[in-house]
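Trainee: model the structure of this input:
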Amino acid sequence: MWIFGWKGPSGFSARSTAEEVTQGIDGTGLTAVVTGASSGLGLETTRVLALRGVHVVMAVRNTDAGRNVKEEILKEIPTAKIDVMELDLSSMASVRKFASEYNSSGQPLHILINNAGVMATPFMLSQDNIEMQFATNHLGHFLLTNLLLETMKKTTKESNKEGRIVNLSSEAHRFAYTEGIRFDKINDESGYSSMYAYGQSKLANILHANELTRRLKAEEINITANSLHPGSIVTNLLRHHSYINAIAGFIGRLVLKNVQQGAATECYVALHPQVKGVSGEYFMDSNKANPTLQAKDAELAKKLWDFSVSLTDPNKKGPSGFSSWSTAEEVTEGIDGSGVTAIVTGGSSGILAETSRVLALRGVHVFMVVRNTEAGERVKEAILTEVPDAKVDVRELDLSSLESVRKFGANYCSSGLPLNFLVNNAGLGAAPFKLSKDGTEMQFATNHLGHILLTQLLLEIMKTTSRESKVEGRIVNVSSSLHPDGYSEGIRFNKINDEARHNRYYAYARSKLANLVHTNELTRRLKKEGVKITANSRHPGMIFTNIGRHDLLLSCFFGVSGLFNKTKTVPQGAATSCFLALNPQVKGVSGEYFVDSNVGKQSSQAKDADLAKKLWDFSLSLTNAK
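Mentor: Next up, the predicted model:
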């Protein structure tokens, strides 16, 4: 029984400390990465490995805290070799950045200790929209391991020393959801349990080590992978449950392990010669232990591996054959748009200019309708310089002004020109409260009302063009993944102009929800008429453009995101618009929401048919459109 300190076959017990299980072991010449190394078990593991001569790279979210820990260790062990690098395991971009910097540094890597974790957090999503505990405890470490594996293989081959990967798991893996890993419900908030979700992530740590073992053995690579339970220890993992944390802290001083004992198994599995050649095992108290049958399920381990790859691969292609990194040129490669006419709103900058350029490149006659015609003409000249035979025209349109929309609509309708595609791209983001010329909150007026009126005014021409040319008409509305994150009641019909409760971010999300709802109702009406015109909406992705010009915080957010490769480039951001406008895969598809040139998920509010009908009537009443 662990509480009495009985020793197992290894000669160590639950009472053994990290220093005791590594006594007499020389780690000189070895290099280890320890995640979450600035506190708790990670800190003690770092200290003891450094004490044994290992060069330790502390991978931490807070580098200031990491450097403070480094200084404290150096006071005790002046000869310690310690480096500090930034790593946020809840962000795949941060993991990739860390791995890229480490791999390019030329440093060897003998030991990888996947230690960091969060526990029993309330439901929240990571930066990559994955449930936080699964994202941090499993996916971040899974991606990190995969990205560092080639460096570890090279190190073990050149040094002729066994590499070791150590995953911190927990006995909590026994208390996961009944199905183990809820592959189809990872982000299911309604059925979320903070403790079961923690157990799920710890089960994933064991399954990962086991499947990694199988793959390394198949390649005959001299690297082992094991998982472990550190024991019940008083740390700050339960900080999200203040009462439980307080009780655990009080009782812990009497019966739980201290940090020195908790770090023992990590250090034992990482350094001890008894573990040489041992792989795919689960350790507790520096001895082999038995995990659950689910943890030993080879099929479940393989399924988790494939699932994890799909979530962490930035180049993963969807059913369309394209991914988030595909560009507008790539998604329209080989497509001939000759004889087709398109209107693109807001075409004088950012993804709108790129959409116009690529459509023109494919032979489409593009009308760039812009507020600033001088800027539009400059874009036109740039396109003609690259594509001399491009057909590009510039027309004036201010979407925040219903008068301007009507004027443009009347002029185009009287021109006798055809219209195959309408790409409603223009938008305003996070603007402070302001009313349009027509007395409507500016974001709702520009992002939604201007486009719905424009669509209504041009619809008869599109119907005629589709009928006469026998070419399917397409309407593409810009929306955003932020569409679920507005006001709780959605549109707030009776409070559109409520300045007292105005929130610029909620108002932006409301306008993006309106774009989706408009698209869905338009689809229903077009299908009812039997008209050969489709309507779809899309999220362009996070792109650094001037849409956040009204908000310093938003601009800074885009800027910082760009540093971590979180944002798309403009050619990538324009891809989904061009895909929906031109790609034959979308023929006959209507009422869908696209992300990364693939069908995405709409919120329940966006799919609400009653809300769609109400918004349609409300919008037409504000615009006096039919």
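
Trainee: what stretches of this structure score poorly on pLDDT?
Mentor: 1-5, 234-255, 314-315, 347, 430, 542-567, 625-626 (pLDDT under 70).

Trainee: can you give the domain ranges for it?
Mentor: Each domain of the chain is listed here as a residue range: 20-311, 330-623, per the TED database.

Trainee: can you add distance to Phe322 and give those domains back as CSV?
Mentor: Where C-beta positions appear, they are placed from N, C-alpha and C, glycine not excepted. As requested, the domains of the chain are arranged in CSV below (distance: least, Cβ to Cβ, whole Å):
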stretch, distance to Phe322
domain 20-311, 15
domain 330-623, 4
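
Trainee: of all those domains, which one is nearest Ser324?
Mentor: Minimum separation from Ser324 across the domains of the chain (Cβ to Cβ) falls at domain 330-623, 4.2 Å.

Trainee: distance between the ends of that closest one?
Mentor: Terminal residues of domain 330-623 are spaced 38 Å apart (Cα to Cα, to the nearest Å).

Trainee: tell me how far it is from the chain's mean position?
Mentor: Here the centre of domain 330-623 is set off from its chain's centre by 23 Å, with Cα atoms, centre = their mean, to the nearest Å.

Trainee: mean neighbour count and distance to Gly11 for the domains of the chain - can I get that in CSV?
Mentor: Rendered in CSV, the data for the domains of the chain read as follows (neighbours: other Cβ atoms under 10 Å; distance: least, Cβ to Cβ, whole Å):
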stretch, mean neighbour count, distance to Gly11
domain 20-311, 19, 8
domain 330-623, 20, 46
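
Trainee: please identify which of these is closest to Lys317.
Mentor: Using Cβ to Cβ as the criterion, the shortest distance between Lys317 and these is 8.4 Å, found for domain 330-623.

Trainee: correct me, but Phe175 touches Ala197?
Mentor: No. Because the distance of 10.5 Å does not satisfy Cβ atoms under 8 Å, Phe175 is recorded as not touching Ala197.

Trainee: can I get stretch 41-60 in CSV, CA atoms only?
Mentor: Below are the C-alpha coordinates for stretch 41-60, written out as CSV (Å, rounded to 0.1, in the frame of the first residue of the first chain):
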residue,chain,number,x,y,z
LEU,A,41,6.3,18.5,-10.9
GLY,A,42,7.8,20.1,-14.0
LEU,A,43,10.0,22.3,-11.9
GLU,A,44,11.2,19.5,-9.6
THR,A,45,11.8,17.2,-12.6
THR,A,46,13.9,20.0,-14.3
ARG,A,47,15.9,20.6,-11.1
VAL,A,48,16.7,16.9,-10.5
LEU,A,49,17.6,16.2,-14.2
ALA,A,50,19.9,19.3,-14.1
LEU,A,51,21.4,18.0,-10.8
ARG,A,52,22.2,14.7,-12.7
GLY,A,53,24.0,16.6,-15.5
VAL,A,54,21.2,16.7,-18.1
HIS,A,55,20.9,19.8,-20.3
VAL,A,56,17.3,20.7,-19.7
VAL,A,57,15.2,22.9,-22.0
MET,A,58,12.2,24.3,-20.0
ALA,A,59,9.2,24.6,-22.4
VAL,A,60,6.9,27.0,-20.6
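
Trainee: distance from the chain centre to it, please.
Mentor: Remark: stretch 41-60 is offset 30 Å from the chain centroid, using Cα atoms, centre = their mean.

Trainee: try stretch 298-317
Mentor: Stretch 298-317 sits 15 Å away from the centroid of its parent chain (Cα atoms, centre = their mean).

Trainee: contacts for it?
Mentor: Here stretch 298-317 makes contact (Cβ atoms under 8 Å, 6 or more residues apart in numbering) with 92, 96, 128, 130, 138-139, 142-143, 146, 180-181, 183, 204, 207-208, 210-211, 214, 294, 323-326.

Trainee: all helices for the stretch 1-150 of the chain, in order.
Mentor: 18-21, 40-51, 63-76, 92-104, 132-133, 140-159 (DSSP state H, counting those that start in this stretch).

Trainee: what's near enough to touch Asn287?
Mentor: Residues in contact with Asn287 (Cβ under 8 Å, 6+ apart) are 8-10, 12.

Trainee: of the residues you listed - the most surrounded one?
Mentor: Counting neighbours by other Cβ atoms under 10 Å, Phe12 comes out on top of the contacts of Asn287 with 21 neighbours.

Trainee: now that residue. Nearest residue, chain neighbours left out?
Mentor: Excluding the flanking residues, the one nearest Phe12 by Cβ to Cβ, 6 or more residues apart in numbering is Ser286, at 3.9 Å.

Trainee: go ahead and confirm the one you found touches Gly262.
Mentor: No. At 11.2 Å, Ser286 does not count as touching Gly262 under the criterion of Cβ under 8 Å.

Trainee: anything in contact with each of the two?
Mentor: Here Ser286 and Gly262 share no contacting residue, scored by Cβ under 8 Å, 6+ apart.

Trainee: let me have the contacts of Asn287 in TSV, extended by distance to Asp596.
Mentor: Formatted as TSV, the entries for the contacts of Asn287 read as follows, by distance: Cβ to Cβ, whole Å:
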residue	distance to Asp596
Gly8	51
Pro9	52
Ser10	49
Phe12	50
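
Trainee: and Ile533, how far is that from Lys463?
Mentor: For Ile533, the distance to Lys463 under the criterion Cβ to Cβ, to the nearest Å works out to 7 Å.

Trainee: what's the overlap in contacts for those two?
Mentor: Taking Cβ under 8 Å, 6+ apart as the contact rule, the neighbours common to Ile533 and Lys463 are Gly473.

Trainee: what is the orientation angle of the helix or strand hosting Ala209 with helix 140-159?
Mentor: The secondary structure element spanning Ala209 is helix 194-218 (assigned by DSSP states H and E). Taking axes from the mean of the first three to the mean of the last three Cα atoms, to 10 degrees, helix 194-218 and helix 140-159 form an angle of 30 degrees between their directions.

Trainee: quick check: which helices or strands does the helix or strand just after helix 194-218 pack against?
Mentor: Tracing the chain C-terminally past helix 194-218 and defining elements by DSSP H and E, one meets strand 223-229 next. Helices and strands touching strand 223-229, by 3 or more Cβ pairs under 8 Å, 6 or more residues apart in numbering; DSSP states H and E, are helix 140-159, strand 163-168, helix 194-218, helix 264-271, strand 282-284.

Trainee: in TSV, list those along with distance to Gly66.
Mentor: Formatted as TSV, the entries for the helices and strands packed on strand 223-229 read as follows, by distance: least, Cβ to Cβ, whole Å:
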stretch	distance to Gly66
helix 140-159	16
strand 163-168	18
helix 194-218	23
helix 264-271	18
strand 282-284	26
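
Trainee: which one of those lies closest to Asp596?
Mentor: Asp596 lies closest to helix 140-159 among the helices and strands packed on strand 223-229, at 18.7 Å (Cβ to Cβ).

Trainee: what's the closest one in contact with?
Mentor: When contacts are defined by Cβ under 8 Å, 6+ apart, helix 140-159 is touched by residues 29, 31, 33, 35, 59, 87-92, 95-96, 98-100, 102-103, 107-110, 112, 114, 116, 161-163, 165, 167, 204-205, 208, 212, 221-223, 308, 312.
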